[in-house]
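>>> below: sequence and its predicted model.
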Amino acid sequence: MTESREPNTEQQEEWQPKIIGFLCKWCSYAGADLAGGSRIPYPANIRIIRVPCSGRVNPLFVLKCLENGADGVLVSGCHPGDCHYSEGNYYARRKFAVFKKLLEYLGVDPRRFQVSWVSAAEGEKWAEIVKTVVEEVRAAGPNKQLSAPVDKCSGAPVKRKHLKND
Amino acid sequence: MIKRLQEKVGKLLREKKVALVIGYEMAGDGISTTPCFIEREDEVERLVWNEHCVYNLSRYLIETRELASSPSPKIGVVAKGCDVKSIIGLIQENQIKRDEVVIIGMECEGQFDVEGERQFKVEGLKLKDKDKDKDKEGKLLEKCKACEVHIPKVYDLLIKDDRNSGAPEPQSPEVNAYAQVEELEGKSQEERWQYWKKEFARCIKCYACRQVCPLCFCPQCIADQTLPQWISPSPSLKGNTTWNIVRAFHLAGRCIDCGECERACPMKIPLRKINKKLGKEIKEMFDYEAGLDSEAKPPLADFKLEDPEEFIR
Amino acid sequence: MTEKIVSKEDLKKILEGLMKTSELLAPGKEGDLVLFKPVKNPEEVFFAYPNSLKPVKEFFFPPREELFKHEIREGKVGLSSEHQENRKRVIWGVRPCDAKSLLMFDKMFDGEYKDSYYLEKRAKSVLVGLACNEPLDSCFCLSLNAGPHAKEGLDVLITDLGDDSYLVEGITAKGEELFQGCGKESGEGERTRKKELEEAAKKKIRKTCQPPPDLESFFEDPYWEKVSRKCISCGVCTYLCPTCFCFDLSYEGRDCIRFWDSCSFSPFTKMTSGENPRREKKTRYRQRVYHKFSYFKKNFGEIACVGCGRCLRECPVKVDIVEIVNQCSKDKTKD
Amino acid sequence: MRIGVFVCHCGTNISGTVDVAKVAEVARGMPRVKFATDYRYMCSEPGQNLIKDAVKKHNLDKIVVASCSPSLHERTFRKCVEGAGLNPYQMEMANIREQCSWVHHDKKEGTKKAIDLVKMAVAKVGKDVPLKRMRIPVEKKVLVIGGGIAGIQAAIDVSMAGFKVVLVEREPSVGGRMARFDKTFPTLDCAACILTPKMVTVAQNDNITLYTYSEVEEVSGYVGNFEVKIRKRARSVDMDKCTGCGICYGKCPTKVPSEFDMGLGKRKAIYVPFPQAVPNIPVIDRKNCIYFLREKCKICQKVCPPGAIDYEQEDEIIKEKFGAIIVATGFTLFDHSVYGEYGYGKFKDVVTGLHFERMANASGPTGGKIVRPSDGREAKDVVFIQCVGSRDEQKGLPYCSRLCCMYTAKQALLLKEHNSEAQAYVFYIDIRAAGKNYEEFVRRVQEEYGAVYLRGRVSRIFEKDDMLIVRGADTLSGAQIEIKADLVVLASGLIAQPDARKMAQMLGISYDKNNLFTEAHPKLAPVETVTAGIFLTGACQSPKDIPDTVATASAASVKAIGLIAPDELTLEPLVAKVNPDICSGCLACLQVCPFSAIEKEDVKDRLTKEMKIVAKVIESVCHGCGACSATCRVGAIDIAGFRDEEILAEVEAIT
């Protein structure tokens, strides 16, 4: 369940893109750790979810993120041939190739869903990718597509009424 | 054709080769057909074959498989070339066994669009009158215009069309099967989004698209699950879009383009246009076409080292 | 009750006026579909159609409705709910069958249990009927105590007399109010014309629904397995049915949402344990028939069907509930 | 549910950029969180005790630790939580150091992100279910890949503990690079004198099976139960019959450059690479053997007293099971031909350190004389150039090869010992002599042996009057220097074997951008890999000198022994699980599983009571990668520890 919104002061601040990253724990997550270990700074807009493998990432996760209001999603795994499970990233590559085409065809901004290969040795690349993705998503603006508010049947304006307080 | 169909089915039933035959019979309106289930030889008269046999009856094979797996008899199914593709898909994905089904293949010159009927609902005109105004080509379903399987690729019995008996199989016409997809691809991203937004907004979540689909055989659709709740069960633009994306994605590399989802949709969302797009991409990227080989690995459960990855940073 | 003759021009003016004073919903074309929607331009209001694809129930019992929302206010959990503005709402062009269906909804939502969400919307709505002159082959309202020109449930009924003239019959005060100060007195000729149209329309309705009086005794018959076989368990018939009112509740984040449900769906009666008393298709289809033709009648004195024919027209595999119900009695007598 | 949140300062590593007290305060208000606090070092004993005490005092059942990367301390805190009587898998970490405080500088932003990360961990732990570790039998045998000093030492250590070892070496003999060295720094022991006894031990120990001239071809299975295919290449000599008399290679008419001697000497087509080879059994180099080229000759067969020559011999494939694998595949030398200033590898008298080793060796091709390969004249003035390839990001390697300073010093010394009139000049950038007695050694070379050390780079080498002119700068004096040299010895960097990447992919271990194998943790797990049951030793991981190589070999052996010593292995329970109620039986999961851990099963449906096909996971084979789960349309397969619900809870927590 979602947390209560932060106080109003937060909302007045400039909009910041919210990006969710799904990182395989062997390569990309380790790459991000290396970026940390090497103190390579990058924007704080990304929230990382650790998964065993890029092949674990169900495209529906991506959809759920965008539907829930994330402005961008980044899936990152090992380079081809490097998968700790030898094949997981190959399956991921196929799935996301198709999924990306589908989203683009439906008119979803392609900048909102990105995929990268980052190895455990590529701390610098990781930082670069986060920078680029954040910039691109910032340019794309807030996600108003898949996270659009619910459309009402009739256009009648609504009022909110408190029912009870406990 | 009808006569031969009835005879053959009668024989199958008489010889106890099948327990049940799924076929078409006339609907109450006297024009269109409806699926029927023939169990006794004296019922075979009900079977018909005409240009209104749009339904993909392989959908019912899942529901009748219990019958088929019982010791002796099999299930007979009347199937057009396109329907056979979904039967291949069902065998490929372990839903039925080839030797449990008797495929009664029909040579098919194409099925008619029920759009006439739709017009009739809007304009208050009679279907029959409307029908007269259209030539045969004009009434053909969109999917039939680019058909390459007038004669099914796999069958146990083939009922040939009387009109071209002995004639070679009709050549597939020079129709661009992806014309509609390409038209949409040519639009800007924002235009595409506005287009689909409007279409998805109409969705009422009746799941007719799913229920009619021969390959939507999951015992419990992900849309019906609550823990976690992947797809909001209520109709709203957000949930509708998610549902439609998931539906399309779950058919990626599996859809055999029978077009049943689009036909069944009461809100007339152009679902085929999405399925077709994914079919096109999978063919281009992975050189795979669904419904041709029951031994093939489904493309999303497979990979090649040289698969495209330009989209990956 | 007053009767008036108004011209097409008059109707447009009235529509224009209503657009300003109230929320106006009327049928319009969306592609090849006829759907009720908020009127932005009176020219777009559609008159020549047999019936809208979706019944008007969606305006009283929306497909998706937020009942309440959990909120944290000053550190405490509270509830709040959305309410539509209490502005007058005119639903224009309602067919008599759909109007009648709302009376059935009333029995459900305004009976022993009062559903405030429903009643709020019901109270502010005025239903302007449009008589059917061209019923469809699939219509069967006559056999269900209704008809193409029936007034039950409507506030006012308009009949297209041809030649750009319309007969307006006031039924309730709030209905009559809409047409105040326009049109002219109706004459004998026009009344006769309307009668003729009504009779002609009735004649066109050949389909009849005759459920057997002893449906209950038929419950365990293998008949249901046979007739339900081709049903694909989608929600088309129930969602497009003007009298189906089943719903489910679910949380979306902090919002408690009420949304349509369908007895056709296999998880309709599925319980947390996984147990599902209506797992088999035949039991679900039977439920639909019995609910409409037996249980509702037992509870509320009427069959829960108005004969609009949508389920017959829109069923993806042409399941014909009328035939199934009628046939059931014939089969019974045959044995 | 009662969740406890523990926020670590990590000294100032975290608290420098993240307001840890605020994070704990906000955490206190998160759903189901009953206790939250911050502490200076959560991983320390007092920190862990703080968690244990809080569990007791506040009756907590699930724990979130907001600290460093789970790769570092997940195990620590799982253990801690287990010690507190909780299920260790109901602990989640929020990585607020590597992925927050170390990469963001703004305290407000860092704090905000840290709060989100904690929120995600709280949401995930809320969905976590208790998990139980699995136990599987273990194969009590170790495979060592590579028969250099690393592999030899590892094999000996494992065998000494009483376990069976298979040692696989690609070359005809074990010994590796060390066998080619003359003397070793800083003690100047002769390499052969200290290596040969170990080589013999390997050959004679009953617990060690030696496969030389062999390669590992396929590795499958998993920790405790690896299945390995080894190709034993055809030697064309029957090992059982051969007595090692050496008549065959004495008589063989074909001479080819010896790889062992770096091309400085010759060997025959049937040969042992060096006199002390183990096993002392020749091989026929089929590419150069006259019989294999033209089906003539057969001299070796004729002269072989026991009739051991077998031209028909074929490669043999050996399949064996192992509990653990030690990788000791070593290194190769950086190819200096990329450098124009050193003559693009074209000058015969510009050689590598390894050439020098062979020349310095009394049993080497030159009989212990340091000569010019071009004309065989004894070298007098020798220039040594350090950092060839090493520490050069443009054309070479980003890293320091670590032993070149030392072996150059040693070679400067040896030069003088072999020829008292010789003079060594050493161009260096920095002298790295960190090691026991290393600095002293370098100093001795300069002071006692008169080696001239010049701090600077060589800008050009060119040939003039059959001498080499070495031009360079002495940055300390600021002078341009030109040396007329007989020989130039390059201290080429150490790099990964050309097929290292292939090896890593076969083993499923990771490697860095230099193709050096990556350890599980640079400090705390230096000989482990991320793949359980596979260990590293020697220069395949990073350049190492002999003492370090031997140390890591013993370390890897201990790790391997520790793994196979118990009869059963405890496995992480983070594996896939099928919900047979909703499985459609399409078996796409079976097709994507990289480990063949899914099989088909016929079951009776719990509700319909009808028979149906479903997927079933073989848990001990499953690695928990999740490819099946993401492929399953119906969502019937989930991965323990990374369940859909858990991942979506994380998503929902921050959206």
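Sure thing, it's come through. Just so you know, these numbers come straight off a predicted model, no measurement behind them.

>>> what residues does the stretch 51-200 of chain C put near chain D?
On the criterion Cβ under 8 Å from any Cβ of the partner chain, chain D has no neighbours in the stretch 51-200 of chain C. Backbone N, C-alpha and C define where each C-beta goes, glycine included.

>>> can you pull out the low-pLDDT segments for the stretch 51-200 of chain C?
Applying pLDDT under 70 to the stretch 51-200 of chain C flags residues C:74-75, C:84.

>>> with chain A instead?
Within chain A, the stretches with pLDDT under 70 are A:1-12, A:148-166.

>>> closest point of it to chain B, which residue?
Here the residue of chain A nearest chain B is residue A:107; by Cβ to the nearest Cβ that distance is 2.7 Å.

>>> and that residue, how many neighbours?
20 (other Cβ atoms under 10 Å in any protein chain shown).

>>> contact partners for it?
Shown in contact with residue A:107 (Cβ atoms under 8 Å, 6 or more residues apart in numbering or on different chains): A:145, B:189, B:190, B:191, B:192, B:193, B:194, B:195, B:196, B:197.

>>> mind checking the SS state of the nearest residue to residue C:229 once chain neighbours are set aside?
Of all residues not flanking residue C:229 in the chain, residue B:37 sits nearest, at 5.2 Å (Cβ to Cβ, 6 or more residues apart in numbering or on different chains). Following DSSP: H, G, I helix; E, B strand; the rest coil, residue B:37 is assigned to strand.

>>> report the separation between residue B:37 and chain D.
19 Å (Cβ to the nearest Cβ, to the nearest Å).

>>> related to what we said a few turns ago, just the buried ones from the contacts of residue A:107?
A:145, B:189, B:192, B:193, B:195, B:196, B:197 (16 or more other Cβ atoms under 10 Å in any protein chain shown).

>>> pLDDT at residue D:292, what is it?
The confidence metric pLDDT takes the value 95 at residue D:292.

>>> what about it, which helix or strand?
Taking DSSP states H and E as the definition, one finds residue D:292 inside helix D:290-294.

>>> now the following helix or strand past that helix: buried residues?
Moving toward the C-terminus from helix D:290-294, the next helix or strand (DSSP H and E) is helix D:299-303. Going by neighbour count (16+ other Cβ under 10 Å), the buried part of helix D:299-303 is D:299, D:300, D:301.

>>> wait, what's in contact with the closest residue to residue D:52 other than its chain neighbours?
Spatial nearest neighbour of residue D:52, chain neighbours left out: residue D:84 (4.3 Å); criterion: Cβ to Cβ, 6+ apart. Each residue near residue D:84 by Cβ under 8 Å, 6+ apart is listed here: D:51, D:52, D:55, D:56.

>>> how about residue A:63?
A:146, B:242, B:245, B:246.

>>> just flag the most distant two among the residues you listed.
Farthest-apart pair in the contacts of residue A:63 is A:146 and B:246; separation 12.0 Å (Cβ to Cβ).

>>> looking at these two, which is more packed in?
Ranked by neighbour count (other Cβ under 10 Å), residue A:146 and residue B:246 place residue A:146 first, with 26 against 19.

>>> what is the burial count for the residue nearest to that one when sequence neighbours are not counted?
Distance criterion Cβ to Cβ, 6+ apart; nearest residue to residue A:146, sequence neighbours excluded, is residue A:66 at 4.2 Å. Neighbours of residue A:66 under the rule other Cβ under 10 Å: 27.

>>> same thing with residue D:47?
By other Cβ under 10 Å, the residues close to residue D:47 number 21.

>>> which positions in the strand or helix carrying it come out as buried?
Using DSSP H and E, residue D:47 sits in helix D:45-58. For helix D:45-58, burial by neighbour count (16+ other Cβ under 10 Å) applies to D:47, D:48, D:50, D:51, D:52, D:54, D:55.

>>> what segments of chain B are helices?
B:2-14, B:65-69, B:81-92, B:115-123, B:127-133, B:136-139, B:142-145, B:179-185, B:189-202, B:208-212, B:237-250, B:260-264, B:271-286 (DSSP state H).

>>> typo on my end, it should be the stretch 1-150 of chain C
In chain order, the stretch 1-150 of chain C shows helices spanning C:8-21, C:96-109, C:116-123, with DSSP state H, counting those that start in this stretch as the criterion.

>>> can you say which of the ones you listed is packed in most?
Mean neighbour count (mean count of other Cβ atoms under 10 Å in any protein chain shown) peaks for helix C:96-109 among the helices of the stretch 1-150 of chain C, with a mean of 23.

>>> can you give the contact residues for that one?
Residues outside helix C:96-109 that contact it (Cβ under 8 Å, 6+ apart): C:51-52, C:55-57, C:60-61, C:115, C:118-119, C:122, C:127, C:129, C:131-132, C:139, C:141, C:146-154, C:157, C:242-243, C:245, C:296, C:300, C:302, C:304, C:306-308.
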